[in-house]
Every structure is written in C-alpha cells, then in structure tokens.
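Peer 1: model the following, please.
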Amino acid sequence: STDLRLRESGHTARHCGMIITAVDGKVNSSRSGTTQYQLYPSRWSALFIFGFGSLVNAAIWITFAPIAKITKEFYGVNSTNVNMLSVIYMVLYVPGTYLASWFFARLGLRGTMLASNLINFIGAGLRLASVKSNTEANAAGYPLLLIGQGLCGLVQPVFVNASAKIAATWFSIEGRDLATVIASMFNPLGTGVGQVLPAVLVSDGGNGMMTLLIAQFAISTIILVCTYFFFKEEPPTPPSFTQTTRREAGRRTGTPCSAEDLYALASNPNFCLLALGFGIGLAYFNSLVTVLGQQIDILGYTDDDAGIYGFLILGCGMVGCAVVGPLLDYTHRYKTFLRGLAIVAFGAVAALCFGLGPNNGVGL
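Peer 2: A predicted model of the protein is given here:
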C-alpha cells in the first residue's frame, strides 16, 4: 500500500488507477480502483494573482479612451496619438503572442508570471514618469507614455491566453471549467474598470491624471510583489491524471510556436473561418471601446457618459458570458448559439448606430 502524505490539507478528485492520499511528506502507493488527487488551497492564490494581473493590464490598455479629449489637451497631441495608446496593444499582440509562447516554454508558469508582471510594472512606471504633476505633463511625456503602454501591451497575450493553463495546472478536471471562466472574466472586468476609473478621477484640464497613473502603478507593484512571494510553479502533487502525465514527460519540454505551426493553422479551412469570424467581432469591439468617447463627444456627451457606456458594454458582455457559458456546456450546440448571437450582435450594432444623435441619452 502506498500513501502520498503532505502537510497541507485540501480536497480530492478521483480517477481510475491508484489511491493517493496526502499527509506528512512521505510517499507510498498501492493499486485500487480509484485515484485520489490532492487539491491545495494555494490554487486560489495562483488564480487570483493571475486574475488581478490580467485586470490591471486590461485597465491600462483602455485608460485613455474615455478621457480622449482631456488626454489630447494634457499631452498636447492629436486624436490619432491618443488612439495609438490603445491601438499599440493590438499592434503588439502578434509579437507578444510569440513572446508569451517563448516565456512558457523556457521559463515555466511562475517565471512567465514574474516576467509578465515585471514588464507590466515597468510599463506602468514609465507611464507615471510621463507626468510632472496632476495638471502638467513632462516635456517628453507622450513618448514615455506610449513606450509604457507598448510594454504593457507586449505581455497582454500572457494574460489573455493563460487562463486554461492556470486552471489545468492547479485544478481538478471537475473544477477546471469554473477556474477557466473565473480567470478569463478578470480581463473584461479590467476593461470595465479602465472605462470608469479615468472618468471618475480625471477632470477637465487633466486634473487628476497623476493620481490615476499612481493608482495603476501601485496596483502593478502589489501584484508583482504577490507574484514573487506567493505564486508557485505548480502544486506539490498533480491535481489530475493529465497533469501527472505531463510531469512524467518533463516540466518544460514545450517549444515556442514555429513557422510550421502557423502554416498548419493557415492550411486548416475551418480554423481560418473561425478565426475570421472571431477576429472581425473582436476587432469591432476593440475599435468601439477605443473611439466611443470621441464618437459621442462630438454629439454633446461627456467623458462620464463615455465611461458609463463603455462599462455597460463590458458589463452586459460579462452577464452574457455567465448565461451562455453554462448553456453551451449543457447543450453543446455551439454552432446554433454562434449563429443566433451573431444575428443579435448585428442588431445591437445597428441599434447603436441609429441611436447615436445629439444629446439622445434615451436612445443610447
């Protein structure tokens, strides 16, 4: 009979194979009808540290969209320069995806989280260095701001794409879907915070700009410190059979994505159709939240209105995820839901376009 004994208490998950129990740090094993896998409370710290890193990265992305007019005047730039503070995230997504792949293959999960949060921290620091006071930018303010945004944008793919990896590394098969949903929700939540917070803290003339950037820098610092002290590479024992086999195969045997991988994807017609449809939808969403404030500003709306509308877009999207996700999991009718929601999305876009009008708050 073999028992794997560990000091940290937790729950268990079962699979066919061996019985494994956890107490005291010694390993024994015996054959039986089931396998018990230990789940550790520290899995939640890993999930929420990752989640809050994703949240602040998303908030940094969209910070200046709801206060575009104020940002333009504060830094002495034009609307195109302000839009670039958001667009640079999208421009750097492709190289950032390769960087994320390289990080995971070479540094592992903990190393990737440390490197990503460190880059986020440096980017937030450069953004803060772009201001001299709450009402004045530095002489080289905009270049520092753009470089800081670019650094944060470079690691965005880590936070967008790693939810499933966090869930697989730390959670059982039964809890993996829920963990993936929770981790994924932090990014749109951060975008919602990034829509509301600037409109609340920054007033006409840029008063409060430094306060906003200090707040984001402070949160980035706290997340980096928490990552260093509390984020672990993996639990002491695997939470599932798939993680057991991965450990047996080697901890870091993965390789960054290659040209062959990209060619294989580009040669798959179904993948190309899915990527095209998803890409158009995501592109419209990113474009809308980036220029929404400028669109409604010329119609007589305020930055506060822009923040509220942006938050509503994100909030309704999160509610939609909470409703549609379980329905998909239960029915598995993916194509039906995709077609139906595409029609709903088209109708919503049409309603938004027709609703835009001078001081038409009820219509919007």
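Peer 1: how near is residue 81 to residue 211?
Peer 2: Look at residue 81 and residue 211: by C-beta to C-beta, to the nearest Å, they are 22 Å apart. All C-beta atoms are positioned from the backbone trio N, CA, C, and that covers glycine.
Peer 1: these two - which one has more neighbours?
Peer 2: Neighbour count, other C-beta atoms under 10 Å: between residue 81 and residue 211, residue 81 has more, with 16 against 13.
Peer 1: quick one: contacts of the helix or strand where that one lies?
Peer 2: In this assignment (DSSP states H and E), residue 81 forms part of helix 79-91. Here helix 79-91 makes contact (C-beta atoms under 8 Å, 6 or more residues apart in numbering) with 61-65, 68, 71-72, 75, 142, 145-146, 149-150, 152-153, 156, 286, 289-291, 294.
Peer 1: run through the helices of the chain in chain order.
Peer 2: 42-62, 68-75, 79-91, 93-129, 141-154, 156-161, 163-170, 173-201, 209-230, 241-249, 259-266, 269-297, 303-331, 334-355 (DSSP state H).
Peer 1: for these, which has the smallest mean pLDDT value?
Peer 2: With a mean of 72, helix 241-249 has the lowest mean pLDDT of these.
Peer 1: among the helices of the chain, which is nearest residue 36?
Peer 2: For residue 36, the closest of these is helix 241-249, at 11.4 Å, according to C-beta to C-beta.
Peer 1: how about JSON lines for the helices of the chain, with distance to residue 36 added?
Peer 2: Formatted as JSON lines, those follow (distance: least, C-beta to C-beta, whole Å):
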{"stretch": "helix 42-62", "distance to residue 36": "16"}
{"stretch": "helix 68-75", "distance to residue 36": "55"}
{"stretch": "helix 79-91", "distance to residue 36": "43"}
{"stretch": "helix 93-129", "distance to residue 36": "24"}
{"stretch": "helix 141-154", "distance to residue 36": "41"}
{"stretch": "helix 156-161", "distance to residue 36": "31"}
{"stretch": "helix 163-170", "distance to residue 36": "17"}
{"stretch": "helix 173-201", "distance to residue 36": "13"}
{"stretch": "helix 209-230", "distance to residue 36": "26"}
{"stretch": "helix 241-249", "distance to residue 36": "11"}
{"stretch": "helix 259-266", "distance to residue 36": "36"}
{"stretch": "helix 269-297", "distance to residue 36": "38"}
{"stretch": "helix 303-331", "distance to residue 36": "25"}
{"stretch": "helix 334-355", "distance to residue 36": "33"}
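Peer 1: still on that earlier bit, just the CA trace of the helix holding residue 81, in CSV.
Peer 2: Coordinates of each C-alpha in helix 79-91 appear next as CSV, following Å, rounded to 0.1, in the frame of the first residue of the first chain:
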residue,chain,number,x,y,z
SER,A,79,-6.6,62.4,-31.7
THR,A,80,-4.5,59.9,-33.7
ASN,A,81,-1.8,60.0,-31.0
VAL,A,82,-4.4,59.3,-28.3
ASN,A,83,-5.9,56.4,-30.2
MET,A,84,-2.4,54.9,-30.6
LEU,A,85,-2.3,54.4,-26.8
SER,A,86,-4.9,51.7,-27.4
VAL,A,87,-4.0,50.6,-30.9
ILE,A,88,-0.4,49.8,-29.8
TYR,A,89,-1.8,46.9,-27.7
MET,A,90,-3.3,45.4,-30.9
VAL,A,91,-0.2,46.1,-33.0
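Peer 1: got the angle for that helix vs helix 93-129?
Peer 2: Interaxial angle, helix 79-91 versus helix 93-129 (axes from the mean of the first three to the mean of the last three C-alpha atoms, to 10 degrees): 130 degrees.
Peer 1: may I see the buried residues of stretch 156-173?
Peer 2: Residues of stretch 156-173 classed as buried: 156-160, 162-163, 165-173 (neighbour count, 16 or more other C-beta atoms under 10 Å).
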